[in-house]
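Asks: Return atomic coordinates for the entry below.
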Amino acid sequence: MAGSGASSGEKLLVMLKTLGPMTAGKIAENLGVTAAAAHQQLAGLRADALVDYTKERSGKGRPAHLWCLTSKGHARFPDSHAEFAAGLLLAIRDLFGDEGLERLVADRAERQLERYRARIPERSEASLADRITELARIRREENYMAESVRRSGGGVELVESHCAIERAARICPSLCESELRLIQATLGDDVSVERIEHFRFKD
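Replies: Residues are numbered from 1 along each chain as shown. Predicted coordinates:
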């Protein structure tokens, strides 16, 4: 979406998608434009219901406006056949109840785990960082916009800037916990896996 020919508005959407909520000043800095130009872009995108802001207070003074994508803004990115998946989940829940839906989620996770383990090296063959790098590669193929980031304290983060199952997870929230358990099972019990932050967006 944000190739060399992308408009400044598209670049701004991609930046909010990958970096998360930020102030207009930070947006201007990252885009290399004036604050006035950033505000003009944000106003246009807000008029199209693609972005909005939340107020966040930090210390004294007026609360900062943190700009983020709306549901419509998130929908500009690939969503793994979201309409079909959402409709299918609703049909399964109607036919087989919540228990049937949970069985489907568990079966999906088992199949994903088999695929992940087939591609990710064993602990004895590669470092944790290298294994997470391969996991990020797999998740990118699944439209999660994933990357591995090494932190100064020695930890490694799997950063996913897009939730490819967001619409399905609204119908079946246990999908989110299933994803976390999937990553834990993929990396092994000797690795501590923690979700640091959920996606934030305004409806």
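Asks: so is the residue nearest the centre of the chain in a helix, a strand, or just coil?
Replies: Geometric centre of the chain, nearest residue: residue 162, 2.9 Å, by Cα atoms, centre = their mean. What DSSP: H, G, I helix; E, B strand; the rest coil gives for residue 162 is coil.
Asks: wait, it sits on residue 17?
Replies: Yes. With contact defined as Cβ atoms under 8 Å, residue 162 counts as touching residue 17 (6.2 Å). C-beta: built from backbone N, CA, C; applies to glycine.
Asks: what sits in contact with each of those two?
Replies: The contact sets of residue 162 and residue 17 overlap at 74, 77, 145 (Cβ atoms under 8 Å, 6 or more residues apart in numbering).
Asks: Show the contacting residues for the last one.
Replies: This means residue 145. 17-18, 77, 160-162.
Asks: Could you check the pLDDT of it?
Replies: Per-residue confidence (pLDDT) for residue 145: 85.
Asks: Likewise for the first one?
Replies: Among the per-residue scores, residue 74 holds a pLDDT of 81.
Asks: how distant is stretch 86-101 from the center of its chain?
Replies: Computed by Cα atoms, centre = their mean, to the nearest Å, the chain-centroid distance of stretch 86-101 equals 24 Å.
Asks: residues making contact with it?
Replies: 103-104, 167-168, 170-172, 174.
Asks: So what's the model's average confidence on the top helix by length along the chain?
Replies: Using DSSP state H, we find that the single longest helix of the chain is helix 82-119. Mean pLDDT, helix 82-119: 88.
Asks: where does the residue nearest to the centre of the chain land on pLDDT?
Replies: In this prediction residue 162 is given a pLDDT of 82.
Asks: thinking again about what came up before, looking at the shared contacts of residue 162 and residue 17, which are in helices?
Replies: residue 74.
Asks: if we take the shared contacts of residue 162 and residue 17, which one ends up nearest to residue 121?
Replies: Taking Cβ to Cβ as the measure, residue 145 is the one of those closest to residue 121, at 23.2 Å.
Asks: Would you map out the domains in this protein?
Replies: The chain breaks down into these domains under automatic domain parsing: 8-74, 82-187.
Asks: of those, which approaches residue 196 most closely?
Replies: Comparison of the domains of the chain against residue 196 by Cβ to Cβ identifies domain 82-187 as nearest, at 7.2 Å.
Asks: Flag the shaky bits of this protein, pLDDT-wise.
Replies: Applying pLDDT under 70 to the chain flags residues 1-6, 57-61, 78-82, 198-203.
Asks: What segments of it are helices?
Replies: Using DSSP H, helices in the chain cover 8-19, 24-31, 35-47, 71-74, 82-119, 128-141, 166-171, 174-187.
Asks: Including mean neighbour count and distance to residue 64, could those go into a markdown table?
Replies: Below are the helices of the chain laid out as a markdown table (neighbours: other Cβ atoms under 10 Å; distance: least, Cβ to Cβ, whole Å):
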| stretch | mean neighbour count | distance to residue 64 |
| --- | --- | --- |
| helix 8-19 | 18 | 15 |
| helix 24-31 | 16 | 9 |
| helix 35-47 | 16 | 14 |
| helix 71-74 | 18 | 20 |
| helix 82-119 | 14 | 32 |
| helix 128-141 | 17 | 31 |
| helix 166-171 | 19 | 26 |
| helix 174-187 | 17 | 28 |
